[in-house]
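In: Prediction below, plus the sequence it came from.
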Amino acid sequence: MDQSVAIQETLAEGEYCIIALQGVLCEGDSRQSRLLGLVRHRLKQGGQEHALFLYTHRRMAITGDDVSLDQIVPVSRDFTLEEVSPEGELYILGSDVTVQLDTTELSLVFLLPFGSHTRMFLQEVARACPGFDPATPDPEFLWLSAYRCTRPELEPPTPFGWNSPPGTAPRFAGIGGGASDFDDSRSDKRGLLVHPSSCAQDTPDSLLTRQNKSKSEITDLVRSSTIMVSDKAHMLSMQKFGLRDTIVKSRLVQKEEDYTYIQNFRFFVGTYNVNGQSPKEGLRPWLSHSIPAPDVYCVGFQELDLSKEAFFFHDTPKEEEWFKAVSEGLHPDAKYAKVKLVRLVGIMLLLYVKQEHAAHISEVEAETVGTGIMGRMGNKGGVAIRFQFHNTSICVVNSHLAAHTEEYERRNQDYKDICSRMQFCQIDPGLPPLTISKHDVILWLGDLNYRIEELDVETVKNLIEEKDFQTLYAYDQLKTQMATKAVFEGFIEGELTFQPTYKYDTGSDDWDTSEKCRAPAWCDRVLWKGKNITQLSYQSHMGLKTSDHKPVSSVFDIGVKVVNEERYRKTLEEIVRSLDKMENANIPSVSLSKREFCFQNVKYMQLQVQSFTIHNGQVPCQFEFINKPDEKSYCKQWLNANPSRGFLLPDSAVEIELELFVNKTTATKLNSGEDKIEDILVLHLDRGKDYFLSVSGNYLPSCFGSPIHTLCYMREPILELPLETIRELTLMPLQTEDDGVQLENPLGIPKELWMMVDYLYQNAIQQEDLFQQPGLRSEFEHIRDCLDTGMIESLSASNHSVAEALLLFLESLPEPVICYSTYHNCLECSGNYTASKQVISTLPTFHQNVFNYLMAFLRELLKKSAKNHLDENILASVFGSLLLRNPAGHRKPDMAEKKKAQEFIHLFLCNSP
């Protein structure tokens, strides 16, 4: 996910976030998540200055509302950012990258995620550093005075020598328990691999070790630039590659069987829903009891932290607690190194390997996907780590899917969302991202939450008592859904020979005795997909009693493709010789199966996809969709080509999908007719000609993306109105209603808003987890159609789907309920209810009506808090960022301002008018 978009929303006009990266700020024993953004400011007299903006953030940083500016570090002449290797800690390719930032004013240490994006970030920072020319004026950074940070802002630095004395290289404790320290000769070890961009000759001066460091320090800090011939993926994945390199890489993949052999490695895969608890007992009975030492550990947790702080602000001390518990629980007969840790709220995944295998781990990437309400909340979703082990690509996914017996369709949707949205950057940024399915081996673990249905609780318990798991398994939802190919198509699960792992009374082996008395279920599962995989065990671990779940483990022997270096060199030589004969080949030429695409009846937030095939001729070629003159992108915002670039061998073909998706960003102009479903794509061949593709279609206007006052003047459903009427009403200025220009019989509030709120009032006022649990996408589409056609009597959807549709409706408003112009006034009076009411009274009538109507509804919900478990803080947090938005293009609020916005909404929830 490109988090620079969120940072860009916080910047003043004329300033640009070049690249953003999420990392961890290390201050003593403290570890705090930070979003780092490299910001460029163009000077009026010419030239440019840069600064590193550090943000705290909550949830995933999708919009400016999710981040708060913490600190600014000007990229001055004395600024250095260098990669360091913590002494005494095992380094392997794929581990987090430790960097030290130094200026004359401060010294900071960050852990950055290993991968191509971090490499690009460091390269961009290096390019931003001022030059050495003494004739060039020193940067003044006057533009930074416009920003306020939550910690004291740094004064613009005075000039200082570029090679100023460095701080001490950081020291960190190694992994506890079964992990080891790395010996001092690591930089000379033949097995250690690095990306080509780490080589000294390609590294800017500001990222190299400083000249005044001792030779021993330099040995520790600079990584080896040797590339093993056996690691073909690294040798062929130079960031700037030509056609010849691409052909070599493709031919090597085709001939892989000629130079690899299969070798088995032992994998331990474990999953544990810890119900928000801290570790209370050792984990060795789960992780290492009565098994040989595994080569690889994949350990996943769910519900790591159930607190509201973790939910809204992402940080949690539980991460360190469970990381330490796992590290101490690894098999005592081997030394392990942590490859990667990734977490999304309470979903965490850890990857360890034996020390001797560290050199053969490469291309490590980690990603997260939240499937909570509005696709943002990370209380449900998945995290994944992908890596290359020798020559086999492996993806490990840990997911926590939707709860409750009846929500199996929601679980199915969560699975599909994770599969479609989980994308990993490749080493070559020119290549399209990898999806989960594009791996040789996939290991999927987690609390999948599928339940046992059609049997009452007592029958389930009796079958468990009799150990008749085969009969019980026939009623398992995951089995049923996999049989219909609704989820996990192509995956395999071992036989369930252990009793269900949920739900127990905490601290015991007794089934749930709470008021809800949940039926036992196999919520916690491990599945796999791929070749050369043998499951050796699949079991639960009843001895651990910390949680209301029992941990599950599965041990596999996985056949990994290992390179025979001699045969690899021979294959490579043959390929290179054959390519020598192809130099100066003919101009590439392709044929397209289709060049005109018509998308009919496009609807809001409903994906349409059309595809075509590129057939290549006799000459290898690279293709790419390119920008048209004076345009910033190769296509309009509502369109995407997948893949947008690639490589074709002779006589090969590739299918391209054109994806059309209208969201809040593009809907308003399509409603008004300012934009249309029309575009021309230019497909360019390297050393060849251009091909033109025509895209056309029609958009069905929607209440989503329409202004409040526009909808109030639409007494009829929007799809029953002429397009010209919709256009006129959408373009009508907001102030029209207060300027004495009254159109005929406006409604007090949009009828669509009333339909959703009234539905929730009638059906969901006691609904648990309302506005916190997402709905079904298919139901959202049904709700949208009912609203746009006025057929409210046919509305049939879950309470959660209607609640999420209401939030999406508010998010889609081009002018928020509390108008942009009154935003700052609201913050100023957030502690004063009388003054706050006065600000609301200044809103345009329709906006004022909507605000009062929503507050009245939310107060009614709070009257039923004993049943729905809602409180003022939850509702103020959810609705605050939707009703009260900072004006577009202005600096986004810091955390203090966000709290004021929530306090403003909080006043109206706690006080009756």
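Out: It's in.

In: Figure out the length between the terminal residues of stretch 268-278.
Out: End-to-end distance of stretch 268-278 (Cα to Cα, to the nearest Å): 23 Å.

In: before we move on, what about stretch 329-345?
Out: 23 Å.

In: Stretch 487-500 now?
Out: Length of stretch 487-500, first residue to last, Cα to Cα: 21 Å.

In: That one: how far from the chain's middle?
Out: Using Cα atoms, centre = their mean, to the nearest Å, the mean C-alpha position of stretch 487-500 is found 27 Å from that of the whole chain.

In: ok, now stretch 650-658?
Out: Taking Cα atoms, centre = their mean, one finds stretch 650-658 lying 28 Å from the centre of the chain it belongs to.

In: Which residues does that stretch contact?
Out: Contacting residues not belonging to stretch 650-658 are listed as 597, 609-620, 639-643, 646, 648, 681, 695 [Cβ atoms under 8 Å, 6 or more residues apart in numbering]. The C-beta positions use only the backbone N, C-alpha and C, and glycine is treated the same way.

In: Among those, name the buried ones.
Out: Buried subset of the contacts of stretch 650-658 (neighbour count, 16 or more other Cβ atoms under 10 Å): 597, 612, 614, 616-617, 619-620, 639-641, 643, 646, 648, 681, 695.

In: What is the most widely separated pair among the residues you listed?
Out: Val619 and Leu639 (29.1 Å; Cβ to Cβ).

In: Send me stretch 708-720 as CSV with only the CA atoms.
Out: What follows is stretch 708-720, C-alpha atoms only, in CSV (Å, rounded to 0.1, in the frame of the first residue of the first chain):
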residue,chain,number,x,y,z
ILE,A,708,-25.9,16.5,0.5
HIS,A,709,-27.8,19.5,-0.9
THR,A,710,-28.0,17.8,-4.3
LEU,A,711,-29.7,14.8,-2.8
CYS,A,712,-32.1,16.9,-0.9
TYR,A,713,-33.3,18.4,-4.1
MET,A,714,-33.8,14.9,-5.6
ARG,A,715,-37.2,13.9,-4.5
GLU,A,716,-37.1,11.0,-7.0
PRO,A,717,-34.5,8.2,-6.9
ILE,A,718,-31.3,9.3,-8.7
LEU,A,719,-31.6,6.6,-11.4
GLU,A,720,-35.1,7.9,-12.4
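
In: Can you give me the end-to-end span of stretch 24-37?
Out: For stretch 24-37, the first-to-last residue distance is 13 Å (Cα to Cα).

In: Isn't Val666 up against Gln637?
Out: For residue 666 the amino acid is Thr, not Val. Yes: if you go by Cβ atoms under 8 Å, Thr666 and Gln637 touch, sitting 5.1 Å apart.

In: more neighbours, those two?
Out: Thr666 (18 against 13; other Cβ atoms under 10 Å).

In: Touching the helix or strand hosting that one from outside, list them.
Out: Using DSSP states H and E, Thr666 maps to helix 664-672. Contacting residues not belonging to helix 664-672 are listed as 604, 636-638, 662, 675-677, 699, 701-702, 704-707, 726-727, 730-731, 811-812, 814 [Cβ under 8 Å, 6+ apart].

In: And that helix, how far out from the chain middle?
Out: Per Cα atoms, centre = their mean, the displacement of helix 664-672 from the mean C-alpha position of its chain is 25 Å.

In: go on, stretch 477-491?
Out: Computed by Cα atoms, centre = their mean, the separation of stretch 477-491 from the middle of its chain amounts to 25 Å.

In: Buried ones in that stretch, by neighbour count?
Out: By neighbour count with 16+ other Cβ under 10 Å, stretch 477-491 contains the buried residues Gln477, Leu478, Gln481, Met482, Ala486, Val487, Phe488.

In: so which of these comes closest to Gly880?
Out: Set against Gly880, the nearest of the buried residues of stretch 477-491 by Cβ to Cβ is Val487 (35.4 Å).

In: list the helices and strands the helix or strand Trp528 falls within packs on?
Out: Element membership for Trp528 (DSSP H and E) is strand 524-530. Helices and strands touching strand 524-530, as assessed by 3 or more Cβ pairs under 8 Å, 6 or more residues apart in numbering; DSSP states H and E, comprise strand 260-273, strand 441-447, strand 533-540, strand 552-563.

In: hey, which of those strands is tucked in deepest?
Out: Comparing the helices and strands packed on strand 524-530 by mean neighbour count (mean count of other Cβ atoms under 10 Å), strand 441-447 comes out on top with a mean of 25.

In: Leu478 reaches Arg525, doesn't it?
Out: Yes: the criterion here is Cβ under 8 Å, and Leu478 meets it with Arg525 at 6.6 Å.

In: Identify the contacts common to these two.
Out: By Cβ under 8 Å, 6+ apart, the residues touching both Leu478 and Arg525 are Leu448, Tyr450, Glu493.

In: Dump these into JSON lines; add distance to Gln413 and neighbour count as well.
Out: Conversion of these to JSON lines gives the following (distance: Cβ to Cβ, whole Å; neighbours: other Cβ atoms under 10 Å):
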{"residue": "Leu448", "distance to Gln413": "13", "neighbour count": "28"}
{"residue": "Tyr450", "distance to Gln413": "13", "neighbour count": "24"}
{"residue": "Glu493", "distance to Gln413": "20", "neighbour count": "19"}
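
In: Help me confirm that Asn849 is found in a helix?
Out: Yes: Asn849: assigned to a helix according to DSSP: H, G, I helix; E, B strand; the rest coil.

In: can you pull the contacts of it?
Out: The contact partners of Asn849, by Cβ under 8 Å, 6+ apart, come to Gly748, Ile749.

In: Same question for the one 10 residues further on.
Out: Applying Cβ under 8 Å, 6+ apart, we find Arg859 in contact with Leu909, Ser912.

In: Determine how far the helix or strand containing it lies from the middle of the whole chain.
Out: Per DSSP H and E, Arg859 falls inside helix 845-862. Chain-centre distance of helix 845-862: 33 Å, with Cα atoms, centre = their mean.

In: Tell me which residues of it come out buried.
Out: Across helix 845-862, burial judged by 16+ other Cβ under 10 Å covers 846-855, 857-859, 861.

In: Equivalent analysis for stretch 335-353, please.
Out: By 16+ other Cβ under 10 Å, the buried positions in stretch 335-353 come out as 335-353.

In: what's around the closest residue in space to Met348 that isn't next to it in sequence, how many residues?
Out: Sequence neighbours aside, Phe301 is the residue nearest to Met348 in space, at 4.6 Å (criterion: Cβ to Cβ, 6 or more residues apart in numbering). Counted with other Cβ under 10 Å, the neighbours of Phe301 add up to 30.

In: Can you select the buried ones among the contacts of helix 664-672 for me in PyMOL?
Out: Command for PyMOL, covering only those of those found buried under the criterion 16+ other Cβ under 10 Å:
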select buried, resi 604+636+638+662+675+677+699+701+702+704+705+706+707+726+727+730+811+812+814
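
In: give the contact list for Thr501.
Out: Ala521, Trp522, Cys523, Asp524, Ser540, His549, Lys550, Pro551, Val552.

In: May I ask which two of the residues you listed are separated the most?
Out: Farthest apart among the contacts of Thr501 by Cβ to Cβ are Ala521 and Pro551. That separation is 15.3 Å.

In: The stretch 251-400 of the chain: helices as residue ranges?
Out: For the stretch 251-400 of the chain, applying DSSP state H, counting those that start in this stretch gives helices covering 284-287, 308-313, 318-329.
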